[in-house]
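S.K.: 3D, please:
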Amino acid sequence: MGNKPPPELYYEILHVARDASPQGVRAAYRSLARQWHPDKHPPASRPEAEARFKAITEAYEALLDQQKNSRAVLAAARDGGTGTRPPAAKDRGGGENVVATSVARAPRSERPGPGVVAPRTPAREAEPARKKVYSACSSVGGGGRRAFAEFSSYVVRKAPPLERRVECTLEELCGGCRKEVRYTRDVVTKNGLITKKEVTQTIRVRPGMRKGSTVTLEGAGDERPGCLAGDAVFVVSERKHKRFKRLGDDLVLRTRVPLVSALTGWQLSFRLLCGDKFRCAFRDEVICPGYVKVIKGGGMPVAGGEKGARGDLMVKFEVVFPENLTDEQRKGLAEILRGCA
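M.R.: Reported below is the predicted structural model:
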């Protein structure tokens, strides 16, 4: 690429504002250089660190060079662009100002008008700043195994993300866990070829994560020549539970109640997803078909919410009626329930 990247890219790489001072640019460079120095990274992430360290150094040098040129232009403007007469330039014989003499001898029609500064002598002109050419792609790591990140349309290129699904139980999503996942990724050999490699990573599933949530490991995905390694993105999926059903941060538990227990009293006991045992007693109330008991805070942890925040547990009761009754049973029920209407 023959064009020099725009300054906007260098500011983004160093995370500094457009009006940053040279001291601010140096401070940002030192901080990022310490963070991305290749010697501080393990072999797995060292190629990416080398590429980023190279980009940070290039951006730092480019911004300092740009600020130096800006100061030179401002100084030249103050010296010759304010309407004041520049200092006289003596000839070798100690004569008068060459420029002033040449202007005085020029015809009236060719003389500069009021407020126009006479052209400066070549000896007094500001020396043009040396241009520094920055390559869009330079080799890092030797042998082309991991080339320095290319500026494609002045944006650092990265290999596409590698997605894999991670199945979790409701218990794992409730309490959080660490899962060891094994997958296959593309890696670039020293000869520039792409080969398959099986790797194992450990990811952290935070309490309350929902189906479709993602866990991203930067640089743990596929490799491509001339690019930074892509990310490995693990998409959380939810295994079906035998008793509980999840609705957002709430849980639903369905249970069947015999008619006689629904009318005369019943006690339900079960274990929550966290392992605690819960008891629910109905002594002085009748359980009607479709009855729902809400247990506050008995649901899933709220991911990203306040500490200790949880959803609710909704226990839905299904009253089981007898399929057959004898004449004697019907008669007895009729006598008992006649006054309850």
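S.K.: measure residue 205 to residue 236 for me?
M.R.: To residue 236, residue 205 is 7 Å away according to C-beta to C-beta, to the nearest Å. For the C-beta atoms, the positions are set from N, CA and C on the backbone; glycine is no exception.
S.K.: then residue 15?
M.R.: In this structure, residue 15 lies at 31 Å from residue 236, with C-beta to C-beta as the measure.
S.K.: mean confidence for stretch 36-47?
M.R.: When the per-residue pLDDT values of stretch 36-47 are averaged, the result is 77.
S.K.: mind checking the SS state of residue 237?
M.R.: Three-state call for residue 237 (DSSP: H, G, I helix; E, B strand; the rest coil): strand.
S.K.: what do you get for the one 4 residues further on?
M.R.: Going by three-state DSSP, the secondary structure assigned to residue 241 is coil.
S.K.: once you drop chain neighbours, what's closest to it?
M.R.: Across the structure, with C-beta to C-beta, 6 or more residues apart in numbering as the measure, the residue nearest residue 241 apart from its sequence neighbours is residue 170 (4.7 Å).
S.K.: check residue 278 too.
M.R.: Sequence neighbours aside, residue 272 is the residue nearest to residue 278 in space, at 5.5 Å (criterion: C-beta to C-beta, 6+ apart).
S.K.: hmm, residue 298 and the one you found touching each other?
M.R.: Yes. Under the contact definition of C-beta atoms under 8 Å, residue 272 touches residue 298, with a separation of 6.2 Å.
S.K.: please identify every residue contacting each of those two.
M.R.: Taking C-beta atoms under 8 Å, 6 or more residues apart in numbering as the contact definition, residue 272 and residue 298 share the neighbouring residues 278, 313.
S.K.: identify the residues contacting the residue nearest to residue 278.
M.R.: So, once contact is read as C-beta under 8 Å, 6+ apart, residue 272 ends up touching 278, 298, 313.
S.K.: where do the strands sit along the stretch 201-341 of the chain?
M.R.: Under the criterion DSSP state E, counting those that start in this stretch, strands of the stretch 201-341 of the chain are mapped to 214-217, 232-238, 244-247, 250-258, 266-271, 277-282, 292-295, 313-320.
S.K.: how about TSV for these, with mean pLDDT and distance to residue 186 added?
M.R.: Rendered in TSV, the data for those read as follows (pLDDT from 0 to 100; distance: least, C-beta to C-beta, whole Å):
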stretch	mean pLDDT	distance to residue 186
strand 214-217	94	15
strand 232-238	95	12
strand 244-247	93	35
strand 250-258	91	41
strand 266-271	85	45
strand 277-282	83	49
strand 292-295	90	49
strand 313-320	91	45
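S.K.: among those, which comes closest to residue 191?
M.R.: Each of the strands of the stretch 201-341 of the chain was checked against residue 191 via C-beta to C-beta, and the shortest separation belongs to strand 232-238, namely 24.1 Å.
S.K.: show me which residues of the closest one are buried.
M.R.: Along strand 232-238, the positions that meet the burial threshold by neighbour count (16 or more other C-beta atoms under 10 Å) are 232, 234, 236, 238.
S.K.: which residues touch that strand?
M.R.: Contacting residues not belonging to strand 232-238 are listed as 161-168, 170, 173, 181, 183, 185, 201, 203, 205, 209-217, 220-221, 246 [C-beta under 8 Å, 6+ apart].
S.K.: what lines up beside it in the sheet?
M.R.: Paired with strand 232-238 in the same sheet, following DSSP bridges, are strand 162-168 (parallel), strand 214-217 (antiparallel).
S.K.: relative to residue 290, which of these is closest?
M.R.: Taking C-beta to C-beta as the criterion, residue 290 comes closest to strand 162-168 out of the strands paired with strand 232-238, the separation being 31.6 Å.
S.K.: next SSE downstream of that closest one?
M.R.: In the C-terminal direction, the helix or strand that comes right after strand 162-168 (DSSP states H and E) is helix 170-175.
S.K.: how about residues contacting that following helix?
M.R.: Outside of helix 170-175, the residues that reach it under the criterion C-beta under 8 Å, 6+ apart are 179, 205, 207-210, 236, 238-239, 241, 244, 246, 273-274, 300-301.
S.K.: hmm, back to that, how about the strands paired with strand 232-238 in TSV, adding distance to residue 252 and mean neighbour count?
M.R.: Formatted as TSV, the entries for these read as follows, by distance: least, C-beta to C-beta, whole Å; neighbours: other C-beta atoms under 10 Å:
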stretch	distance to residue 252	mean neighbour count
strand 162-168	18	15
strand 214-217	25	15
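S.K.: out of those strands, which is closest to residue 250?
M.R.: Distance to residue 250, taken as C-beta to C-beta, is lowest for strand 162-168 among the strands paired with strand 232-238, at 17.8 Å.
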